[in-house]
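Just need the structure, nothing else, for what follows:
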Amino acid sequence: MVWHLDVNKIREDFPILKRKINNNALVYFDNAATSQKPIQVINAIVDFYENHNANTGRAVHTLSQEATEMQNEAREKVAHFINASDSAEIIFVRGTTEAINLVAYSLGLHTFKKGDEILISMMEHHSNIVPWDLISRLSGFEIKYAKVNNDGSLNYEDFESKLSNKTKLVSLTHVSNVTGAINNIKKIARAAHDYGALMLVDGAQSVPHLPVDVKDLDVDFLAFSGHKMLGPTGIGVLYGKAEVLEKMTPFQGGGSMISNVSFNKERGQCDIDFNSLPGKFEAGTPDISGIIGLGAAVKYLEQIGSNEVMEHERLLTSYAIKQMGELKKVAIYGHGYESLNSGIIPFNVEGSSSHDVALFLDNYGIAIRSGFHCAQPMHQVFKLQSSARASFYIYNTFEEIDRFVNVLRQLV
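Residues are numbered from 1 along each chain as shown. Purely as a prediction, here's the structure:
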């Protein structure tokens, strides 16, 4: 069955899509960077501040109780969305970047040592490269990099050859933010576990766009950001298996992440007991409105269905690849988009920098990305200085792609 979303109805929920840029209707093709927000998410945030604003878990008065209940409901929604066993396995952070840093510092700094190895790939976002490099300088473990094929896909043979009994953790993106290539996480997690290694997945580009079931994938950690899935900026999630999180040292110290702090006169020091999950990793006042907004975003996506989102993007991407392929001087990087299911297309126009292309399109109200996309090693694979990137979501249409291609044709 070929699925078509009622995109026109969906678009009515997004106020920003009514904007005009340079006297042209906005075409937003920068969804891999951040998504737009439906009115349901905006209203949920406004409602919190207008009617329920209070700190959570810190008081017995009505407003605090309401805010705490709303926060807990959002955590339950997120847990259900990725099929976590318990909402206590959902740690709220600022985004994918902080989630990966949390694991790097809590696990890598305190557990990994010289002689240990972690395995990542050349297709990673800088957020899944830099934290490991920083911590390796302190802990002494070695970082191995799995190769990427010329078409932008992971070299599974090279990946498996770099696994060994020294491997303590595999950290890999689920979907490349440059090409949209989808990695076989279930297969990779199984291989990692065969060597006793933990599996962390950067789900920033997968959780918003395709079904993600942490039990089926059998991953130990999953990191993702709210702002890429219709939610607010500054809120994200680290999912972790409870038995793994329990053994980890907290990333930050402060209020909420402790159950007891008492001064020991005999030792002249404080005795500190950490809170149970998830509080153990959520120091200080959380982004309450962001959490509530993320809960509303999850509810919105669940009403549409992850399979429907994935199929819509597949159709858009296939259509765009075909139309763009007919333009001379337009080079598209990576291939196999028919089967990848992810709405990301990296490209360049001969004779123009990626920034020139983006600026030209902006003159017609079309927003795309240009540059490295925080993934310079991946661009080295393609021998590129930079690339333009069009990325789609649930509110994008075939008519918008036609406009996009027609403007590209003018540039060519």
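
rest of the way, CA atoms for contacts and neighbours
Will do.

Mind pulling up the pLDDT for the most far-flung residue of the chain relative to its centre?
Going by CA atoms, centre = their mean, the residue of the chain most distant from its centre is residue 266, 47.7 Å out. At residue 266, the model reports a pLDDT of 81.

So the chain: which segments form each domain?
Annotated domains of the chain cover 7-30+305-411, 41-302 [automatic domain parsing].

Can you measure across the longest one, start residue to end residue?
Pointing back at domain 41-302 there. In terms of CA to CA, to the nearest Å, the two terminal residues of domain 41-302 are separated by 13 Å.

where does the chain dip in pLDDT?
Low-confidence segments of the chain, defined by pLDDT under 70: 1-4, 335-341.

tell me the secondary structure for the residue sitting nearest the centre point of it?
Centrality entry for the chain: nearest residue to the mean C-alpha point is residue 204, 1.2 Å, by CA atoms, centre = their mean. Three-state assignment for residue 204 (DSSP: H, G, I helix; E, B strand; the rest coil): coil.

just checking, it touches residue 236?
No: under the criterion of CA atoms under 8 Å, residue 204 makes no contact with residue 236, lying 9.3 Å away.

if we can go back for a sec, would the residue farthest from the centre of the chain count as being in a strand?
No: going by three-state DSSP, the assignment for residue 266 is coil, not a strand.

let's have the chain start at 571 instead
Got it, the first residue is 571 from now on, which makes the last one we talked about residue 836.

Just read off the phi/psi values of it.
Here is the backbone geometry of residue 836 (degrees, to the nearest 10): phi -60, psi -40.

Need the nearest residue in space to the residue nearest to the centre of the chain, chain neighbours excluded.
Among residues not flanking residue 774 along the chain, residue 794 sits closest, at 4.3 Å (CA to CA, 6 or more residues apart in numbering).

cool, residue 735 as well?
residue 765 (5.5 Å).

do the same with residue 605
For residue 605, ignoring the flanking residues on the chain, the nearest one in space by CA to CA, 6+ apart is residue 798 at 4.9 Å.

Tell me the spacing between the one you found and residue 897.
In terms of CA to CA, residue 798 sits 30 Å off from residue 897.

more neighbours, the two?
residue 798 (25 against 15; other CA atoms under 10 Å).

Kindly provide the distance from that one to residue 645.
17 Å.

do residue 719 as well
For residue 719, the distance to residue 645 - CA to CA - is 38 Å.

Give me the more crowded residue out of those two.
When residue 719 and residue 645 are compared for neighbours, residue 645 comes out ahead with 24 against 16, by other CA under 10 Å.

Now name the helix or strand holding that one.
Assigned by DSSP states H and E, residue 645 belongs to helix 632-651.

Contacts made by the helix or strand just after that helix with the rest, please.
Of the helices and strands lying after helix 632-651 in sequence (DSSP H and E), the nearest is strand 660-663. Applying CA atoms under 8 Å, 6 or more residues apart in numbering, the contact partners of strand 660-663 are 645, 648-649, 654, 669, 804-810, 848-849, 851-852, 856, 861.

List the neighbouring strands of strand 660-663 plus their orientation.
strand 806-810 (antiparallel) (DSSP bridges).

any idea of the angle the partner strand forms with helix 632-651?
Relative orientation of strand 806-810 and helix 632-651, computed by axes from the mean of the first three to the mean of the last three CA atoms, to 10 degrees: 60 degrees.

what's the nearest residue to residue 715 if we skip its chain neighbours?
Per CA to CA, 6+ apart, closest to residue 715 is residue 691, 4.7 Å.

Give the bridge partners for the one you found, please.
Beta bridges link residue 691 to residue 716, judged by DSSP bridges.

Next, the contact list for it, please.
Contacts of residue 691 by CA under 8 Å, 6+ apart are 714-718, 724, 729, 742.

how about a markdown table for the residues you listed, with neighbour count and distance to residue 973 added?
Below are the contacts of residue 691 laid out as a markdown table (neighbours: other CA atoms under 10 Å; distance: CA to CA, whole Å):
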| residue | neighbour count | distance to residue 973 |
| --- | --- | --- |
| 714 | 17 | 43 |
| 715 | 17 | 40 |
| 716 | 22 | 38 |
| 717 | 21 | 37 |
| 718 | 20 | 33 |
| 724 | 21 | 33 |
| 729 | 19 | 40 |
| 742 | 27 | 35 |
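
still on that earlier bit, so who does the residue nearest to residue 605 touch?
601-605, 774-775, 778.

Now rank those by neighbours and give me the top one.
Among those, residue 774 has more neighbours than the rest - 29 neighbours, counting by other CA under 10 Å.

list residues touching both of residue 774 and residue 806?
Shared contacts of residue 774 and residue 806 (CA under 8 Å, 6+ apart): 666, 793-795.

Which members of those occur in strands, if any?
The strands, defined by DSSP state E, take in 793-795 from the shared contacts of residue 774 and residue 806.

how about the residues you listed in a markdown table, adding neighbour count?
Listed next are these as a markdown table, based on neighbours: other CA atoms under 10 Å:
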| residue | neighbour count |
| --- | --- |
| 793 | 26 |
| 794 | 28 |
| 795 | 31 |
